[in-house]
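> fold the stuff below for me.
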Amino acid sequence: MKKLIVEFIGTFFLVLTIVCVVNGNAANNFLPPLAIGSALMVMVYAGGHISGAHYNPAVTLGVLMRGKISGGEVPGYMIAQILGGIVAAVVGAAILGKGTIMGGGAMPTNMAAAFTAELLGTFALVWVVLQTATTQSTSGNSYYGLAIGFTVLAMAYALGGFGTGGCFNPAVAIGAAFNGLAGWGTAGLAIVADIAGAVLAAVAFKAVYTSMGSDD
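Next comes the predicted model:
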């Protein structure tokens, strides 16, 4: 239960940050990705020693394929993450006035570009998580949270403008739909791309990582 509480809290504050900074974003303001990446970074440091600090069903899927979480834990993790995203979206809209519950917009104009951007961003995120936070060779490092947060920061700047807003996280996509930042069609496209990106990242990890310990 402690792990699930951590996953809920971390995802809640990640999505709440997204809801507040994106809904309050002025034209030509390039700071929202910095706030989002920073929120993820600090929550990873806060919860990594308890739950692994996934805060993302795609990351949980990648870690499952990596063999660092049991299949029995996965449903609880994903439910906690999605609930955290939904509660954050509702709090942002109903209490803080950031968003409109269930008021999503249209599908991306270029769905192929949107899908590709979402897949690549999620691939990068899951790849970095697996390489910095699940391996014997990098065990105990002090930079994993920074690496993970800055991956989201960089991918949001590079790939966030192609129609999905750069979710790279099914819990974020669902939260964005509940908050009205995105339509359900866009959220669905993002979720499928996120799952595909996570699977590809886990496969790539297994192809290139050389075990340096018996638990790898």
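> quick one: the helices in the chain?
Along the chain, the segments classed as helices by DSSP state H run 2-23, 32-51, 57-66, 74-90, 111-133, 144-159, 170-179, 184-208.
> now do the contacts for the most centrally placed residue in the chain.
Geometric centre of the chain, nearest residue: residue 169, 3.5 Å, by C-alpha atoms, centre = their mean. Taking C-beta atoms under 8 Å, 6 or more residues apart in numbering as the criterion, residue 169 is in contact with 14, 55-59, 122, 125, 194. Just so you know, the C-beta spots here come from the backbone N, C-alpha and C atoms, and that holds for glycine as well.
> at 10 Å what do you get?
11, 14-15, 18, 40, 54-59, 81, 85, 118, 121-122, 125, 152, 175-176, 190-191, 194, 198 (C-beta atoms under 10 Å, 6 or more residues apart in numbering).
> low-confidence regions, the chain specifically.
Within the chain, the ranges that satisfy pLDDT under 70 run 26-28, 211-216.
> could I get the contacting residues of residue 176?
15, 18-19, 22, 85, 89, 99, 104, 164-165, 167, 169, 182-184, 186-187, 190.
> are any of those buried, and which?
Those of the contacts of residue 176 that meet the buried threshold are 15, 18-19, 22, 85, 89, 99, 104, 164-165, 167, 169, 182-183, 186-187, 190, by 16 or more other C-beta atoms under 10 Å.
> what's the most buried one of the helices of the chain?
helix 170-179 (a mean of 30; mean count of other C-beta atoms under 10 Å).
> and that helix, how far out from the chain's middle?
Put simply, helix 170-179 sits 11 Å off its chain's centre (C-alpha atoms, centre = their mean, to the nearest Å).
> that helix versus helix 57-66: what angle between them?
In terms of direction (axes from the mean of the first three to the mean of the last three C-alpha atoms, to 10 degrees), helix 170-179 departs from helix 57-66 by 160 degrees.
> pull the CA atoms of helix 170-179 into PDB?
The C-alpha coordinates for helix 170-179 follow below in PDB (Å, rounded to 0.1, in the frame of the first residue of the first chain):
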ATOM      1  CA  PRO A 170      -1.000   7.500 -20.200                       C
ATOM      2  CA  ALA A 171      -1.900   9.000 -16.800                       C
ATOM      3  CA  VAL A 172      -1.100  12.400 -18.000                       C
ATOM      4  CA  ALA A 173      -3.100  11.800 -21.200                       C
ATOM      5  CA  ILE A 174      -6.100  10.700 -19.200                       C
ATOM      6  CA  GLY A 175      -5.700  13.700 -16.800                       C
ATOM      7  CA  ALA A 176      -5.400  16.100 -19.700                       C
ATOM      8  CA  ALA A 177      -8.700  14.700 -21.100                       C
ATOM      9  CA  PHE A 178     -10.500  15.000 -17.800                       C
ATOM     10  CA  ASN A 179      -9.200  18.600 -17.400                       C
END
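> tell me how far residue 63 lies from residue 52.
Distance check for residue 63 against residue 52: by C-beta to C-beta, to the nearest Å, it reads 7 Å.
> OK, contacts around residue 158?
33, 117, 120-121, 124, 166.
> now render those residues as a markdown table, adding distance to residue 45.
Converted to a markdown table, these look like this (distance: C-beta to C-beta, whole Å):
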| residue | distance to residue 45 |
| --- | --- |
| 33 | 19 |
| 117 | 27 |
| 120 | 26 |
| 121 | 21 |
| 124 | 20 |
| 166 | 22 |
